[in-house]
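*Asks:* Sequence and computational prediction follow.
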Amino acid sequence: MTSKTTIKSCGIFLLLASFSSAIYAQEKAGPNTQAGAAAASQRLQRIVDEAARTALERFASKGLKEKNLAITLVDLGNAQHLERASFRGGEPIYPASVVKLFYLVAAHRWMEDGKLRETEEFDRGLHDMIVDSSNDATHFVLDTLTGVSNGAELSTSKMGEWAKKRNAVNRYFASLGYTGINVNQKPWCEGPYGRERVFLGPKFENRNKLTTDATARLLADIVMGRAVTPARSAKMLALMKRDFAGKSEDPDDQARGFTGIALEDGTRLWSKAGWTSSTRHDAAYIELPTGQRFVLVTFTTDVAKERDIIPTVARVVISGLKKP
């Protein structure tokens, strides 16, 4: 039986390990690499600023403040010259199920490199993780990616070895220049126990974190066929295809409960949403009937019951992009 002293020492060790990992990611990435190859655009910045202003004014009475909103827009109209803009796009935020996109890309990288065998069962897990946003499937995927799973508390030394393995996805994205993110935890409905709880830290300081900039970069790379390989990017994108036609009684329907609310007939949508009692996010790739192609990532915190914030942002962005 593990003592309380051992659990406390594990928490201290993991705090130090997480801090060291963050420093490593920043040093590895260098400054301002988060947006990838997309260039800052004054035109898009005006659109994003207007979208943020509109949402903040419209939902101020519901408690929406600047600290509760983050937006990143990437225009994919010119593959040789991507443009981007953001509102608080570099702010680390608990991503809920949006983190599953990062596990999806890591899984395909592992399979491409021969570190992981592609099986019918693993493909089923990836499908359910993205299409249905299944937390159980995500647990299976992350355990398979990292080679460690939950269980009773471990000694400090063994927990250190466990934590190093569980941080494999973090190391991969740090090597690509991603900063301000933490992608090493499973999504839970009621919270973890055992070594998974210890790994979160005493005050949950090791929770997953994403920025809208990092999420938009990853989604744009998938769309452009640059995530792992073109063929694997296409397989990943296929899992995100959403049919937003019709209505749904489910407020958390990924197709009809988020960005899809704002879309008109003839528009095409690929997305991954995330939601909890305190967060409501969507990472969307949209193709308009007029030909515009763009990635729009919107995160909201502490106003999760307000379903119209994300589509409000989307409507302003779409209107702005349509203007000559």
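*Replies:* Now that the structure is in, tell me what you want to look at. Numbering: from 1, shown residues only.
*Asks:* What segments of the stretch 151-300 of the chain are helices?
*Replies:* Under the criterion DSSP state H, counting those that start in this stretch, the stretch 151-300 of the chain carries helices at the ranges 156-166, 168-175, 194-200, 212-223, 230-239.
*Asks:* Most tightly packed of those helices?
*Replies:* Ranked by mean neighbour count under mean count of other Cβ atoms under 10 Å, these are led by helix 212-223, which reaches a mean of 27. Using the backbone N, CA and C atoms, a C-beta is placed for each residue, glycine as well.
*Asks:* what's the angle between it and helix 168-175?
*Replies:* Relative orientation of helix 212-223 and helix 168-175, computed by axes from the mean of the first three to the mean of the last three Cα atoms, to 10 degrees: 90 degrees.
*Asks:* send the alpha carbons of helix 212-223 over as PDB?
*Replies:* Coordinates of the C-alpha atoms in helix 212-223 are reproduced here as PDB (Å, rounded to 0.1, in the frame of the first residue of the first chain):
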ATOM      1  CA  THR A 212      -6.300  28.500 -30.300                       C
ATOM      2  CA  ASP A 213      -3.100  29.300 -32.300                       C
ATOM      3  CA  ALA A 214      -1.600  25.900 -31.800                       C
ATOM      4  CA  THR A 215      -5.000  24.200 -32.600                       C
ATOM      5  CA  ALA A 216      -5.500  26.200 -35.700                       C
ATOM      6  CA  ARG A 217      -1.900  25.400 -36.900                       C
ATOM      7  CA  LEU A 218      -2.500  21.700 -36.400                       C
ATOM      8  CA  LEU A 219      -5.900  21.700 -38.100                       C
ATOM      9  CA  ALA A 220      -4.500  23.700 -41.000                       C
ATOM     10  CA  ASP A 221      -1.700  21.200 -41.400                       C
ATOM     11  CA  ILE A 222      -4.200  18.400 -41.600                       C
ATOM     12  CA  VAL A 223      -6.300  20.200 -44.200                       C
END
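*Asks:* what packs against it?
*Replies:* With contacts defined as 3 or more Cβ pairs under 8 Å, 6 or more residues apart in numbering; DSSP states H and E, the packing partners of helix 212-223 are strand 69-75, strand 83-87, helix 100-112, helix 230-239, strand 279-287, strand 293-301.
*Asks:* can you do 7 Å?
*Replies:* Contact partners of helix 212-223 among helices and strands, from 3 or more Cβ pairs under 7 Å, 6 or more residues apart in numbering; DSSP states H and E: strand 69-75, helix 100-112, helix 230-239, strand 279-287, strand 293-301.
*Asks:* pretty sure L288 is touching T267, no?
*Replies:* Yes. Taking Cβ atoms under 7 Å as the contact criterion, L288 and T267 are neighbours in contact, 5.6 Å apart.
*Asks:* Show me this protein divided up by domain.
*Replies:* In terms of domains, the chain is parsed into 1-30+94-210, 37-92+211-324 (source: automatic domain parsing).
*Asks:* a markdown table for those, including mean pLDDT?
*Replies:* Rendered in a markdown table, the data for the domains of the chain read as follows (pLDDT from 0 to 100):
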| stretch | mean pLDDT |
| --- | --- |
| domain 1-30+94-210 | 86 |
| domain 37-92+211-324 | 96 |
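*Asks:* Straight-line length of stretch 148-168, end to end?
*Replies:* End-to-end distance for stretch 148-168, by Cα to Cα, to the nearest Å: 11 Å.
*Asks:* quick one: terminal-to-terminal distance for stretch 222-241?
*Replies:* Stretch 222-241 has an end-to-end distance of 13 Å (Cα to Cα).
*Asks:* Show residues contacting it.
*Replies:* Outside stretch 222-241, the residues that touch it by Cβ atoms under 7 Å, 6 or more residues apart in numbering are 76, 79, 104-105, 108-109, 112, 126-127, 130-131, 218, 221, 270-272, 285, 295.
*Asks:* Tell me if I'm right that A39 and E83 touch.
*Replies:* Yes. With contact defined as Cβ under 7 Å, A39 reaches E83; the gap is 5.8 Å.
*Asks:* Same drill for the two, tell me which one is more crowded.
*Replies:* Counting neighbours by other Cβ atoms under 10 Å for A39 and for E83 shows that E83 has the greater number, 20 against 11.
*Asks:* dump the residue contacts of T267.
*Replies:* By Cβ under 7 Å, 6+ apart, the residues touching T267 are 286-289.
*Asks:* What of K62?
*Replies:* 303, 306 are the contacts of K62 under Cβ under 7 Å, 6+ apart.
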